[in-house]
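Visitor: Below: sequence and its predicted model.
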Amino acid sequence: MRSSSSNNGSSTTTADVVTMAAYHNGGDTNWHTQSIDSVVTAFNTSTTHGLSTKEVEIRRENFGFNELAGDGRVTWFTILLRQLADAMNWIFVALSAVSYYLKDYVTGSLLLALAIVNLYLAFSQEYAAEQTLAALKSLSSPVAVVIRDDQEQSIPSREIVPGDLLIVKEGDSVAADARLLYISNLELDEALLTGESLPVQKQLVIIDDPEQPLGDRINMIYSSTITTKGRGKAIVTSIGMDTEIGKVAAKINDAGEGDRTRLQKSLNRMYIGLTVLAGVLAFIVCASVKFKVQNDIGMYAMTAALSVLPAGLTTVMTVTLVMGGKEMTHQKAVVRKLKCLETLGSVTNVFSDKTGTLTLAKMVVIQFWTPRDGLFHVHSNGLAPKGDVYRMHDSSDIEAVLREENKVDKSDVTPSIRDLVYCSALCNVSSVHQRQKDDEKIKQGGLKNKKEDDNDEEEEEWVPNGAPTEVALQVFAHKFGMGQPDLHTSGWTQLAEYQFDSTIKRMSTLYFNQQKNEWMVFTKGAAERILPLCHNIKDSQSIMEKVDQLASKGLRVIALAKRHVDYTNVATADQDKITKKNDLEEKEDWIQRLKREDVECELEFLGLTGIYDPPRAESREAVAAAHRAGIMVHMLTGDHPITATAIAKEINILNDNLMKSGHLDQLVMTGPQFDSMTDEQVDALPRLPLVVARCSPETKVKMIQASQRRHLISAMTGDGVNDSPSLRIADVGIAMGKNGSDVAKQASDIILTDDNFATIIRAIAEGRRIYQNMQRFLLYFYIILMSLALVILACLAIRDPSGLTAAPVSTIQMIFIYAAVTPPAGALSVQPASPTIMEEPPRPPRESIINREILMDTVMYSVLAGLACAAAFFIPLYTVGGNGVEGIACDSNYQEGLCDAFYRARASILVTYLLCSLVVMTHCRSYRRIEWGLRGLKITMKSKTVIGTFWFDIICLVIFLYIPEVAIEGFRLLGITWEWGLAVALTVFFILSGEGYKFLKRRLMKPMQSHRVDELLAT
């Protein structure tokens, strides 16, 4: 067998042949029975350098992408079938058939054409929307970390190829089936494959039984399973449909009916209601003539039915939602579930992590303290491991500290400082390396190929890998020339790692120093969790005072400790066997059985480090904007309470008035304090705490549950695997795109691509805009439909000499009206947000989209527009030479002189209606603001939709009214003269009456203005 070290380089041809053979026999090859060397040889890869870029390209050509067949996207055929099932299209077809039966071939053909055009537009819009939605989902698709070209890279999971060197860590969703070659406390949740509810602990063993069940193949990891603990490195053996999950065709798919929003579902119900209403109106028309249905009455019934049927409404609403989601990606928020776009406008409370969200997550150690040497200041230089160290002598005057005589020689430090630096470097799983010239190529293969505005990171010469806190400690160690790589080179070997646990707030590593032949435990964590484990502390109170002193400066304080391990004195069941083992390799089984509590005890306290994480410049203004919008902001952090309080004051979550209010104990709590309270005690609090320090994932869940009992609408941020429960139960779960785990992302509704709190507030504003535009769009459609329906019903009283009714609008005119009123409706769906949108209170979550004010507007504007249109019809019909409908069956048989007044009245109502529809659009731009003042007129005149629709209407009217064949035979109209002035006058009446109605609303109705949160808190 070839060892792994012999496979660092390979011939392209050899790699191709060997890997092809290995992979195509993959179904018959049981990789769990193979040694690591055998797997390395079979896939011609390297356990250190991974594959080269060239090899990756060749293998992708041979094996394709790592994706399952049928990735859950909706096909064009499915969309077409969905549109064919739309009742609206069949209604048009049915009406077309009726027109043909009544021998009105022009109207029948136009209705059939309308059905086809509606089908095409609905299909094309929904298909484009589905494509956009698929693109949005691809932005939130899982990523994988691999080693290629001897560099760690983050790449989309679908780009993995067989033989890739895959790295998994806690919270990751495994991207492909792979054979493990390195583990550190690795456990995976394989319930998706095996049904086993408990995580499986992995081991580096060779399993002899080829038929071993999947759940017992503890040296393998499988696609779509979840890493619940630890880290590991593995060689990819199967991708796509060749994985175990691919074989059973199981996959997680977020699409489908479950992602349809409450509004979409209510619109579907409304469509059914309107269809029934259309039938009722047609029935009323027929009943008005005692069901003596003739040609004209049949066309009247069709016109009445069409007057309440909004063609393509649900499609336009879906497109509006999807396009809103697309717009939010420009705000650096990727929407995974359309449902949340409605909920965003109702958010009352935002529960946000501190690190990386409210702050920059560019942590640096700026102070450290040891009991023997005192307090020191470390000059900050970002991620660059360069910076001088100065003795502070307990002085707070930085200028006085930064003097030459206070500078510390970093090459000659005391043993206590050296041990503190050792612990910072070795009790650490992060790394920092200098950017290489070809790093840009590497980045293009991963997530960084998305265009972000994070220019600071791209300009940094040094590249971090790991949690911000650990990176800060690693950079701190590098400044002394004692970084982890240097110590590994000098003989330090890691034997075990006990990962950070949020419940005990600490982590540890076990190392062997070959030069001194000694075993050492290094531990770091929260001071209150480390100090009780230390044996060399005489006065813990004085140390906690030093912790408070550092924390009051807004620093995250980390306590560090060590322990010299004499393995012969460690209490284990195999005491006698262990003392007989002298070789390091023979002690590996002892290390595997060593319990954490046996390691983290009898520690020697080394000192404290103070890590500064500067708040984002935009966080303070974003918090203020949230407060103006009536949204309460809560900060949840693992920091010390004093540190958390200092940061909260800096970004205005807490202000001086609140600090003086005497309720600080209720506004700032620790996680254990909050967790210890019963639900009744939490509900009795005047308000939920604004700052929770030492917060655990369980605290987040309890906080969300408490907010739900108060009927609040909450948005919760999270990044870790343990945050997924709180993200799922929150009304809006928000995951971090940069530093979030795959599990957190899959549990979320929105992913922030920049991990920035200000993005959350922008997303809420965008959610409010989208919902407000949907209300505007629906309000416009309801007014347009109801006003015309009222006129059509009122005109049932008009009879010709034979006693039959005469329709004020012909069926062919209705088809033209559909075309004329649609562009303004579409323009309303993409209106910019109103200037006061973030000064209004959150929308009640159970409030219907047709709220009280919209219902009032619908009725009022419909009545006003209906009166204008009725006047436009009745005045020409009964005045200025008109004597009503003097001809019989004028709708199908024009009789010169007898039908003239009726045809001119129809032309008059059509002109007035079209002009009023443009006025309705402007009225709907705002519920209460003046839209026909100087400001509103400027907006109207700049609107390409308004101007374009106006000229489209005018040109069509000229053609339809003044070309006799088109006017009389087609649209049943006649050219008008003085009626143009009447239409303009009635339109002005509609404008003035609408503005008068808004004036009364401004005077009589409660202002739509939110109470500032800080004002509420002060009461």
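Guide: Looks like it came in fine. Numbering: from 1, shown residues only.
Visitor: Quick check on the spatially most central residue of the chain: phi, psi?
Guide: Here the mean C-alpha position of the chain is nearest to the C-alpha of residue 750 (CA atoms, centre = their mean), at a distance of 1.5 Å. The phi/psi pair for residue 750 (degrees, to the nearest 10) reads phi -130, psi 140.
Visitor: show me what contacts it?
Guide: 328, 333-336, 340, 732-735, 763 (CB atoms under 8 Å, 6 or more residues apart in numbering). Quick note: C-beta positions are derived from backbone N, CA and C, even for glycine.
Visitor: The same query, at a cut-off of 10 Å, please.
Guide: 140, 325, 328, 333-337, 340-341, 344, 715, 717, 727, 732-735, 737, 759-760, 763, 767 (CB atoms under 10 Å, 6 or more residues apart in numbering).
Visitor: Run through the bridge partners of it.
Guide: Taking DSSP bridges, one finds residue 335, residue 734 as the beta-bridge partners of residue 750.
Visitor: Renumber starting at 687 from here on
Guide: In the new numbering, first residue 687, that becomes residue 1436.
Visitor: What spatial separation is found between it and residue 1378?
Guide: Using CB to CB, to the nearest Å, we find residue 1436 at a distance of 22 Å from residue 1378.
Visitor: about what we covered before: where's the residue nearest to the centre of the chain relative to residue 1032, distance?
Guide: According to CB to CB, residue 1436 stands 14 Å off from residue 1032.
Visitor: Quote the end-to-end distance of stretch 1575-1585.
Guide: Across stretch 1575-1585, the terminal residues are separated by 9 Å (CA to CA, to the nearest Å).
Visitor: Pull the residues that contact that stretch.
Guide: 788-790, 980-986, 989, 1486-1488, 1490-1493, 1496-1497, 1569, 1571-1574, 1586-1589, 1592, 1653-1655, 1658, 1660.
Visitor: Show the end-to-end separation of stretch 873-890, please.
Guide: When the termini of stretch 873-890 are compared using CA to CA, they are 12 Å apart.
Visitor: before we move on, the earlier item: and the contacts of residue 1436, which are buried?
Guide: 826, 1011, 1014, 1019-1023, 1026-1027, 1030, 1401, 1403, 1413, 1418-1421, 1423, 1445-1446, 1449, 1453 (16 or more other CB atoms under 10 Å).
Visitor: Inside helices: which ones of these?
Guide: Counting by DSSP state H, those place 1011, 1014, 1026-1027, 1030, 1413, 1445-1446, 1449, 1453 in helices.
Visitor: Same list (these) but as TSV, adding distance to residue 1461 and pLDDT.
Guide: Below are these laid out as TSV (distance: CB to CB, whole Å; pLDDT from 0 to 100):
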residue	distance to residue 1461	pLDDT
1011	18	78
1014	18	83
1026	18	81
1027	13	80
1030	14	87
1413	28	89
1445	24	91
1446	23	91
1449	19	90
1453	13	87
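Visitor: re earlier: how near is the residue nearest to the centre of the chain to residue 1238?
Guide: Counting by CB to CB - residue 1436 and residue 1238 are separated by 35 Å.
Visitor: Model confidence score at the residue nearest to residue 1454 when sequence neighbours are not counted, please.
Guide: In space, and not counting its chain neighbours, residue 1454 is closest to residue 1031: 4.3 Å by CB to CB, 6 or more residues apart in numbering. Note for residue 1031: predicted pLDDT of 84.
Visitor: Report the contact partners of residue 1031.
Guide: Neighbours of residue 1031 in contact, by CB under 10 Å, 6+ apart: 1399, 1450-1458, 1460-1461, 1523, 1526, 1528-1529, 1531, 1533.
Visitor: Same question for residue 753.
Guide: Taking CB under 10 Å, 6+ apart as the criterion, residue 753 is in contact with 827, 842-846, 925-927, 932, 937.
Visitor: Show me those residues that map onto strands.
Guide: In strands, defined here by DSSP state E, the members of these are residue 842.
Visitor: For residue 749, state which of the contacts of residue 753 is nearest.
Guide: Nearest to residue 749 among the contacts of residue 753: residue 925, at 6.4 Å, using CB to CB.
Visitor: Looks like that closest one contacts residue 863 (just checking).
Guide: Yes. Here residue 925 reaches residue 863: they are 7.7 Å apart, a contact under CB atoms under 10 Å.
Visitor: any idea how far residue 846 is from residue 1424?
Guide: Per CB to CB, residue 1424 is found 21 Å from residue 846.
Visitor: swap that for residue 737, please
Guide: Going from residue 737 to residue 846 by CB to CB gives 10 Å.
Visitor: Quick check: neighbours shared by these two?
Guide: 745, 832, 922.
Visitor: tell me which element the first one is part of?
Guide: By that I understand residue 745. helix 739-749 (DSSP states H and E).
Visitor: buried ones in that helix?
Guide: Buried residues in helix 739-749 (16+ other CB under 10 Å): 741-742, 744-746, 749.
Visitor: and stretch 1089-1108, what's its mean pLDDT?
Guide: Averaging pLDDT residue by residue across stretch 1089-1108 gives 91.
Visitor: What's the end-to-end length of it?
Guide: One end of stretch 1089-1108 sits 27 Å from the other (CA to CA).
Visitor: buried residues in it?
Guide: 1092, 1094, 1099, 1103, 1105-1108.
Visitor: isn't residue 1671 right up against residue 1598?
Guide: Yes. The criterion here is CB under 10 Å, and residue 1671 meets it with residue 1598 at 9.4 Å.
Visitor: Mind listing the shared neighbours of the two?
Guide: Both residue 1671 and residue 1598 are in contact with 1554, 1557-1558, where contact means CB under 10 Å, 6+ apart.
Visitor: Could I get the average pLDDT for stretch 1228-1238?
Guide: For stretch 1228-1238, the per-residue pLDDT averages 91.
Visitor: ah, wrong one, I meant stretch 1619-1634
Guide: The model assigns stretch 1619-1634 a mean pLDDT of 90.
Visitor: Check stretch 834-852 too.
Guide: pLDDT averaged over stretch 834-852 gives 90.
Visitor: thinking again about what came up before, same list (the buried residues of stretch 1089-1108) but as CSV, adding distance to residue 1061 and secondary structure.
Guide: Shown next, in CSV, are these (distance: CB to CB, whole Å; DSSP: H, G, I helix; E, B strand; the rest coil):
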residue, distance to residue 1061, secondary structure
1092, 11, helix
1094, 12, coil
1099, 15, coil
1103, 12, helix
1105, 17, helix
1106, 13, helix
1107, 16, helix
1108, 20, helix
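Visitor: Quick one: neighbours of residue 1315, just the number.
Guide: Residues lying near residue 1315 (other CB atoms under 10 Å) number 22.
Visitor: swap in residue 1203?
Guide: Using other CB under 10 Å, residue 1203 is surrounded by 9 other residues.
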